[in-house]
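Q: fold the following, please.
(4 chains)
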4 protein chains.
Amino acid sequence: MSPVKAAVLVEHEKPLEIREYPRIERAAAGEALVRVDLAGICGTDVHLWHGQLPIPLPVILGHETAGRIVTLGEGLRNDWRGRPVAVGDRVTWASSVTCGSCYYCRLKNQPTRCVSRKAYGISYCADEAPHLRGGYAEYILLRAGTALFRIPDSVPTESVVGAGCALVTAIHGIERASISWGDTVVIQGTGPVGLAALAIAREAGASKVVAIGGPKHRLDLALEFGANAVVDMEDAATPAERVRQALTAIGPYGADVVIECVGHPAVVNEGMDLCRDGGKLLVLGQYGDAGTIDFRPHTITRKQLQLIGSWGFEPRHVHAGLNLLEHSAWKELFAGEITHRFPLAEANEALETVRMWRSGKTVIQP
Amino acid sequence: MSPVKAAVLVEHEKPLEIREYPRIERAAAGEALVRVDLAGICGTDVHLWHGQLPIPLPVILGHETAGRIVTLGEGLRNDWRGRPVAVGDRVTWASSVTCGSCYYCRLKNQPTRCVSRKAYGISYCADEAPHLRGGYAEYILLRAGTALFRIPDSVPTESVVGAGCALVTAIHGIERASISWGDTVVIQGTGPVGLAALAIAREAGASKVVAIGGPKHRLDLALEFGANAVVDMEDAATPAERVRQALTAIGPYGADVVIECVGHPAVVNEGMDLCRDGGKLLVLGQYGDAGTIDFRPHTITRKQLQLIGSWGFEPRHVHAGLNLLEHSAWKELFAGEITHRFPLAEANEALETVRMWRSGKTVIQP
Amino acid sequence: MSPVKAAVLVEHEKPLEIREYPRIERAAAGEALVRVDLAGICGTDVHLWHGQLPIPLPVILGHETAGRIVTLGEGLRNDWRGRPVAVGDRVTWASSVTCGSCYYCRLKNQPTRCVSRKAYGISYCADEAPHLRGGYAEYILLRAGTALFRIPDSVPTESVVGAGCALVTAIHGIERASISWGDTVVIQGTGPVGLAALAIAREAGASKVVAIGGPKHRLDLALEFGANAVVDMEDAATPAERVRQALTAIGPYGADVVIECVGHPAVVNEGMDLCRDGGKLLVLGQYGDAGTIDFRPHTITRKQLQLIGSWGFEPRHVHAGLNLLEHSAWKELFAGEITHRFPLAEANEALETVRMWRSGKTVIQP
Amino acid sequence: MSPVKAAVLVEHEKPLEIREYPRIERAAAGEALVRVDLAGICGTDVHLWHGQLPIPLPVILGHETAGRIVTLGEGLRNDWRGRPVAVGDRVTWASSVTCGSCYYCRLKNQPTRCVSRKAYGISYCADEAPHLRGGYAEYILLRAGTALFRIPDSVPTESVVGAGCALVTAIHGIERASISWGDTVVIQGTGPVGLAALAIAREAGASKVVAIGGPKHRLDLALEFGANAVVDMEDAATPAERVRQALTAIGPYGADVVIECVGHPAVVNEGMDLCRDGGKLLVLGQYGDAGTIDFRPHTITRKQLQLIGSWGFEPRHVHAGLNLLEHSAWKELFAGEITHRFPLAEANEALETVRMWRSGKTVIQP
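A: Numbers count the residues shown, from 1 in each chain, chains lettered A, B, ... in the order given. Okay, the predicted model is just below:
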């Protein structure tokens, strides 16, 4: 039988390699073997490529993935929501598996910080059997305990992968920061996380949302996603000018909630300037460790701010995200984010479109 | 009639001058003229002396003050809690007066950020009549609208001024950060704010409190205030060593809540290291603007921390503070913080003891 | 000069009388004399007519009112939001004035329970000068300290009075109960409070809202206001049948949040049945004291429910309500609630339409 | 080998029968066989005896139990907190096992309402093998998945069973209702739940706690547990008189938080009278369904109260309870609650002491 192809990060900042792994014949108890239909390329994949997070190498990248079930291990009859699953069903899954029994899982209700947490496409060395633990591949083998979700019939696979981990990350983050009905919101960044945050801010009843970002095609998306106003980073090239333009739209004291979805460390300072006194800054974009900034702690005290971090997401956020995609016009908007598609063999070209901010959302069809 | 003496900050980092101002004969409607019994010296006074906050000069310093009513203006019959006040009563007051009608007072419930807020001993130019708006003086004239509190008979004036603005600042800060019963707490700093935070953490049901500070006499106070363990900054001279010692006492993952009461910008980084993932860092000590630090935003996201600022306090925190001093052994502990007393003429010597961390708490008896 | 006409409740369950009061020539400091344009008739007015709340008699009813400024007292230059007001401006106001200094205002942040709270159209004896303290009248004299709001130019007076106190009551109630994005909501009642609660539930991101009510014309309004499904009280005449139909629409475990907007005591039991375990029941409709019910406390414990009450509203809720009416399609929907208009002389006929549930919203044009 | 004796509820309101069951030789994977040292008798056992909750019969009662491990099934090496367990260790456990995958466990974070939840001593028919699922027995067999806790060496078994499920129930309830530092608290009831609530209210920083209860020996315990004042139900025989006496101690507006720990439905009305406006009433005692009361919904709205229910507890509350017993004087106070001890053969006499409110806490030593 033919081997399975996968795009593998072998060395940081070097091209991914297409490698072959043994085909998997059967799934053990609780496991699921899935034929990958679409694998999204996330900004975090670029951070991983740059070496900004500690991961094993080589690794099959790809943590926002959907596909069809090929084989179900014994005992796996229902998805995470208790809905039946069968061979051939379209599914997606929470990219991380947690232990459920450590200090963070049990005592502190912070499962995204589980001490044994491992994420598909990030934490598994591709040299170790069963190898197929990332989405940039023809097949992926899901461990027992993976939070699997049957995709509702009304939701296209494109919506799920178009939304990607950005949507569920935004849902988790906004849950932590909590937007109240009527709050004003500024979103820093118009990449996938920024757009998803915009969608959730709208859903949560923000009275006004201003998005700061670029390039032009992304600002247009932001307006489609419901931004009341956008600030173009190209026109407003300095932090001071961006703050000035955003406050003109949001009100002179600043926003009740600012959501940082950029990933450049320096924007955290700009985010504090965008907050009204007593406001909240959700620091959502700093997944990669891109270094340090010059930072003034006095501002936190004087403006009595809250800076709130959020890492990844839990299965219940996938549940909420699928509900959102099922029940609303968001389905089309998120599917519409996909502007570039590549075969597996062109995984490097795919990654490049994300690295260079060229695409809305880029996907691989292995 | 003899003029009124006051100790005045005329120029930053220069000695205070003893100046004389016209005696005040009568109080207008709602005002109260008070003979100062004790004026506490706060760490913020040192920051003001260094020029780390924007204030008018010259200024009569002193924002934590208690005294006896000399004259009551028309209509002022009850204190903030509705209790009757009369000439001769011992009183203290919230150091700031807010407008009650601005964006922050009305719409955002952040009165400590009132756009018109003025604080006795900080915001009033001593050249302007009626001059007597600070505590380092024989008399102080309180504006109509000041939140005045009759000191309960069972509470010594020393307890009130020993607690100073540190206690109410800690009450406000911990209200914002919220300690839950059973939380573990690390307190950075064993000055008056650190000790007050320790008291409130204990009251709020912290299961374990570790204080990091010095010098020795302050660590002893921390133990008296209920710290389960202390870390001596002199023994543990590096951040890494302090974190190591604190985590040995608090548990390997870090504290649920860390309260920064030091005021040196760099300790904010150390505070993030002291937090468990998903924990809270209350940034309470950065009143003065002492500049910037090298800071890693990635840590906020990865550890999903909350950094929470708090500025000053509201009248209801004075109410809570007086309740604490009335009902418990805290009365003696806070009075016991006072280690140094000076007459008004030695205000510079008094300030020096605070600047050099020599005292528990220093007070002026004008 | 001609006297001022008003519709006065003189005796419970007797027709209102049209009485005349002396015309007011001038407004004292802080007061405003307003020519009433529209006075809404609230369900509470029916409760007052029945004697279900303790009030002085006689009373000029009318607590949801808008009009134009005739005379402004000295010092009154800005409205509650700080926007300039002038003679001729269209205005509305918070119907209650609170003291700002009692136990509830100061210490417990519950100003709607101010011990000195007095509401226009409810708490003022019409026999006492200056008499004009209710909305069913040609003129109303607003006390100093009233939270006055200039109506934005883009908002029709009909929207404001169509929304009435129902909108601000719903905003306050939902603030207390807090709807999170994605929550499922059942609303009991499709009168003005039910429709307003529906609007706010939608705004706050409810994933599904089911309304139980009637008659038919009100269910149509509920669908226009965004209900996903309605349950018709005429078809579903028993509590069990209403619960069955509502859960068919909302899901078998019940709703995350149930909002009671009916006012018949018995519906509280039905509301508990509509809640999922761990859910919330906002008891918003029990303004009048309509007596007792047979109630099972065990249900609260076993289902670990929260039953949450809310009384009236604060000025900031008027601010939020006007923002809602300004920024959205809600402006037309709320204006569209007005189905019946009467001159002052027909105040009894007007009240009758509300008592008999005939109207969407009834208004008096004095 | 000799059979195992157990005290079995065969018919409601009939004496328990001592029955014999086959001795268990081995524990399957994840199971633990425990020799019972002490089995507490809970007020709920009386409710079960009366038939106030739906349970299978016959049942071996006893859901607050401690003992020593006799046999450990394969794979069970650590307790719920990750601490090693071995044969001979003293242990206790969460009385309920939940599924972790239902609507309430997964989506709503309400595991105490797990649809498959089964409690030792309550939910297992004693006729079904392996029979030994209750604490009134020489041995109990714990299912795989039971949250097992090694009792710290410093904590006597008497402390654990003296605290019983009352302590963890109170911890859960107060978590749901949340007492803030400085709150005033009234506790209705001085049985084990009332005393435990008193302990936690004290720990959580209540500024004043008043307990209403009896008989005399329990009021003495309440004072030892830290009540500032007690109201004796025998002296104050009417609700109005109890409220009068409690408010004299707590303040005229009522308490911030009232905790109902009685279990008679009627006290819920009294509890609402004890709350200040805007206050919270934690309905903790209504475990058995003891019927209905005459109840006025208007009060919830007018006083804008919160009535909050809480059911059972989760493993993390056992963790918190053991921490409390380990770190403080509470260890002795809770052990000191035990006033009556009986051998298994006298289980009926034991139950009778609880039914008649004669004991502090009664335990069986099988």
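Q: burial of the residue of the stretch 51-200 of chain A found nearest chain D, as a residue count?
A: Closest to chain D within the stretch 51-200 of chain A is residue A:107: 6.1 Å, counting by C-beta to the nearest C-beta. In short, each C-beta sits where N, CA and C put it, glycine included. Applying other C-beta atoms under 10 Å in any protein chain shown, we find 17 residues neighbouring residue A:107.
Q: tell me the SS of the closest residue to it other than its chain neighbours?
A: Excluding the flanking residues, the one nearest residue A:107 by C-beta to C-beta, 6 or more residues apart in numbering or on different chains is residue D:316, at 6.1 Å. Classification of residue D:316 using DSSP: H, G, I helix; E, B strand; the rest coil returns helix.
Q: now do residue A:15
A: Residue A:15 ends up coil, using three-state DSSP.
Q: isn't the residue nearest to residue A:107 up against residue A:106?
A: Yes. With contact defined as C-beta atoms under 8 Å, residue D:316 counts as touching residue A:106 (6.8 Å).
Q: just to revisit the earlier point, so the residue of the stretch 51-200 of chain A closest to chain D sits against residue D:319, correct?
A: Yes. If you go by C-beta under 8 Å, residue A:107 and residue D:319 touch, sitting 6.7 Å apart.
Q: chain B contacts on the stretch 1-150 of chain A?
A: A:103, A:104, A:108, A:109, A:110, A:112, A:113 (C-beta under 8 Å from any C-beta of the partner chain).
Q: my guess is the first one contacts residue A:115, does it?
A: I take that to be residue A:103. Yes. Counting by C-beta under 8 Å, residue A:103 touches residue A:115, with 6.9 Å between them.
Q: so for those two, which sits in the more crowded spot?
A: Neighbours were counted for residue A:103 and for residue A:115 using other C-beta under 10 Å; residue A:103 has more, 18 against 13.
Q: how about that one: what's its closest non-neighbour residue?
A: Per C-beta to C-beta, 6+ apart, closest to residue A:103 is residue B:253, 5.7 Å.
Q: let me see the contact set for that neighbour.
A: A:103, A:104, B:276, B:277 (C-beta atoms under 8 Å, 6 or more residues apart in numbering or on different chains).
Q: got the residues you listed as CSV, with pLDDT columns?
A: Shown next, in CSV, are the contacts of residue B:253 (pLDDT from 0 to 100):
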residue, pLDDT
A:103, 95
A:104, 97
B:276, 98
B:277, 98
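Q: out of the residues you listed, who's the most crowded?
A: For the contacts of residue B:253, the largest number of neighbours (other C-beta under 10 Å) sits with residue B:276, at 25 neighbours.
Q: okay but that residue is in contact with residue B:254, surely?
A: Yes. Between residue B:276 and residue B:254 there is a contact at 3.8 Å, judged by C-beta under 8 Å.
Q: which parts of chain A are helices?
A: Along chain A, counting by DSSP state H, helices occupy A:43-50, A:157-177, A:192-203, A:216-224, A:239-250, A:267-274, A:297-302, A:315-327, A:330-335, A:347-355.
Q: please identify the deepest-packed of those.
A: Most buried of the helices of chain A by mean neighbour count (mean count of other C-beta atoms under 10 Å in any protein chain shown) is helix A:192-203; its value is a mean of 28.
Q: distance between that helix and the chain's centre?
A: Going by C-alpha atoms, centre = their mean, to the nearest Å, the spacing between the C-alpha centre of helix A:192-203 and its chain's C-alpha centre is 12 Å.
Q: export that helix as PDB, just CAs?
A: Extracted C-alpha coordinates of helix A:192-203, given in PDB (Å, rounded to 0.1, in the frame of the first residue of the first chain):
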ATOM      1  CA  PRO A 192      -7.700  35.800  11.200                       C
ATOM      2  CA  VAL A 193      -7.700  36.400  14.900                       C
ATOM      3  CA  GLY A 194      -8.600  40.000  14.600                       C
ATOM      4  CA  LEU A 195     -11.500  39.200  12.300                       C
ATOM      5  CA  ALA A 196     -12.700  36.500  14.600                       C
ATOM      6  CA  ALA A 197     -12.500  38.800  17.600                       C
ATOM      7  CA  LEU A 198     -14.500  41.300  15.600                       C
ATOM      8  CA  ALA A 199     -17.200  38.700  15.000                       C
ATOM      9  CA  ILE A 200     -17.400  37.800  18.600                       C
ATOM     10  CA  ALA A 201     -17.300  41.400  19.800                       C
ATOM     11  CA  ARG A 202     -20.200  42.000  17.500                       C
ATOM     12  CA  GLU A 203     -22.100  39.000  18.800                       C
END
